[in-house]
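Student: Need a 3D model of the sequence below.
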Amino acid sequence: MGGPEILDPYLSKEETTKIPLGCGIDTILDGGVETKTITQLYGPPASGKTNLCLQMAVNCVRRGKKVIFIDTEGGHSVERVRQMARSDYLSILENILFYEPKRFEDQNFIVENLEAILDERFGLIILDCAVSYYRMGTDEEKASSLSRQLSRQLAKLLELARRYNLAVMVTNQVYTLRENGEVKPIGGNILKHWSKVILELRRKDSVREAVLRRHRTLPEDISARFIITDEGVRDA
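Tutor: Here you go, the predicted structure:
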C-alpha cells in the first residue's frame, strides 16, 4: 500500500452574500438574508410571513437569480407576485418555480429532488410553510416519523444552500402555552436546530414587527417594524 492520502483544505469558492428585503429588517440582519444558511420566520397568521417570502423572491429575481417557492398552504402566491412586481411581473414569474405539495409526502419528495434542477442560476429556496402537514401527525409513531422526515428535509436544504451558495427561507407557525400565554414556534427543536437565523414576527393592527431571536454573529432581540402594501413590504 502507498502512503497516506494528502488532505487538501477546503476553500470556499464563493463568499456568502445577502439578499435585501428592502425594509428595516435589512438593518437588523446587517444587509439582508444571507446565503449558505437557513433563515426561519415564525409568527401567528397574518403576521407577514408569506409576504416577506414573496418580497424576497421578487428581489432575488431582480438581482439576476432564479427562485424555488414551495407553497404548502395553497395561497395565491402567483397573483400576489403579479401585484408586487407590477410592470415586470412576467419576467419575474418566469424565474420563480412554484411547487404546491398536497401532503407531507409530496413536500418530502420535492425537497429530496431539488438538486435535479438546481444550478448556479438559482439564488433562493423558500419553504412556506415547513409544518403545514407536519402538524397532522396525531399518534406518537406517526409524529416521530414526521419529525425524522422534517429533520432530513431541513438538512437537505442546508446542504443545498451551502453547495450552491443560495439562501433558504422557511416559515413556521406558532402555538400558545396555556400556562403563561407565551407564543412558541411549532416543530420543537427541529427547526431551531437547523435554522441559524430566526426571526419572530408580530402584528399590531396594520404594523408588523420582526424580532431577531437567533443569529451567529449579530445581536439578538433587536427589532424592526414594517407594513404590507399592495406593492410589497415597506418600512413602517
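
Student: who touches the lengthiest helix in the chain?
Tutor: The residue-count maximum for a helix in the chain (DSSP state H) belongs to helix 140-164. For helix 140-164, the external contacting residues (CB atoms under 8 Å, 6 or more residues apart in numbering) are 35-38, 104, 107-108, 111-112, 114-115, 118-120, 122, 125, 127, 130-131, 133-134, 136-137, 166-168, 170, 187-188, 190-191, 193-195. All C-beta spots, glycine's among them, are computed from the backbone N, C-alpha and C.

Student: what does stretch 224-235 give?
Tutor: 21-25, 27-28, 48, 51-52, 54-55, 58, 83-84, 86, 206-210, 236.

Student: Equivalent analysis for stretch 40-50, please.
Tutor: So stretch 40-50 is contacted by 52-53, 73, 75, 77, 80, 128-129, 169-174, 183, 185-186, 191-192, 195, 197-203, 208, 210, 226, 228, 233 (CB under 8 Å, 6+ apart).

Student: That one - what's its average pLDDT?
Tutor: Across stretch 40-50, the average pLDDT comes to 96.

Student: Quick one: distance of that stretch to the chain centre.
Tutor: From the chain centre to the centre of stretch 40-50 is a distance of 11 Å (CA atoms, centre = their mean, to the nearest Å).

Student: returning to what we had before: can you list which of the contacts of stretch 224-235 are found in helices?
Tutor: 25, 27-28, 51-52, 54-55, 58, 83-84.

Student: before we move on, what SS does E220 have?
Tutor: Secondary structure for E220, judged by DSSP: H, G, I helix; E, B strand; the rest coil, is coil.

Student: Number of residues surrounding it?
Tutor: Per other CB atoms under 10 Å, the neighbour tally for E220 reads 11.

Student: quick one: what helix or strand has the closest residue to it other than its chain neighbours in it?
Tutor: Leaving aside its sequence neighbours, E220 sits nearest to L212 (CB to CB, 6 or more residues apart in numbering; 5.5 Å). Using DSSP states H and E, L212 maps to strand 207-214.

Student: List the residues that contact A236.
Tutor: Taking CB under 8 Å, 6+ apart, we find A236 in contact with 24, 207-208, 225-227.

Student: from the contacts of helix 140-164, which ones fall inside strands?
Tutor: Secondary structure defined by DSSP state E assigns 38, 122, 125, 127, 167-168, 170 of the contacts of helix 140-164 to strands.

Student: Tabulate those residues (CSV), appending neighbour count and distance to S145.
Tutor: Output for these, formatted as CSV (neighbours: other CB atoms under 10 Å; distance: CB to CB, whole Å):
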residue, neighbour count, distance to S145
I38, 23, 22
F122, 21, 30
I125, 23, 24
L127, 28, 19
A167, 27, 29
V168, 25, 23
V170, 26, 20
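
Student: Give me the three-state assignment for F69.
Tutor: strand.

Student: From N95, how far out is it?
Tutor: Here F69 is placed at a distance of 11 Å from N95 (CB to CB, to the nearest Å).

Student: between those two, which one's more packed in?
Tutor: Neighbours were counted for F69 and for N95 using other CB under 10 Å; F69 has more, 23 against 18.

Student: returning to that earlier point: give me the average confidence score over the longest helix of the chain.
Tutor: For helix 140-164, mean pLDDT rounds to 90.

Student: for stretch 184-197, same thing?
Tutor: Averaged across stretch 184-197, the pLDDT comes to 90.

Student: What would it look like as CSV? C-alpha coordinates only.
Tutor: Provided in CSV are the C-alpha atoms of stretch 184-197 (Å, rounded to 0.1, in the frame of the first residue of the first chain):
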residue,chain,number,x,y,z
LYS,A,184,-43.8,29.3,20.8
PRO,A,185,-42.8,28.1,17.3
ILE,A,186,-44.0,24.6,16.2
GLY,A,187,-41.6,21.8,15.5
GLY,A,188,-39.9,21.8,18.8
ASN,A,189,-36.1,21.8,18.5
ILE,A,190,-36.1,20.5,14.9
LEU,A,191,-36.4,23.9,13.1
LYS,A,192,-34.4,25.7,15.8
HIS,A,193,-31.5,23.3,15.3
TRP,A,194,-31.3,23.7,11.5
SER,A,195,-32.1,27.5,11.4
LYS,A,196,-29.1,29.6,12.1
VAL,A,197,-31.1,32.8,11.7
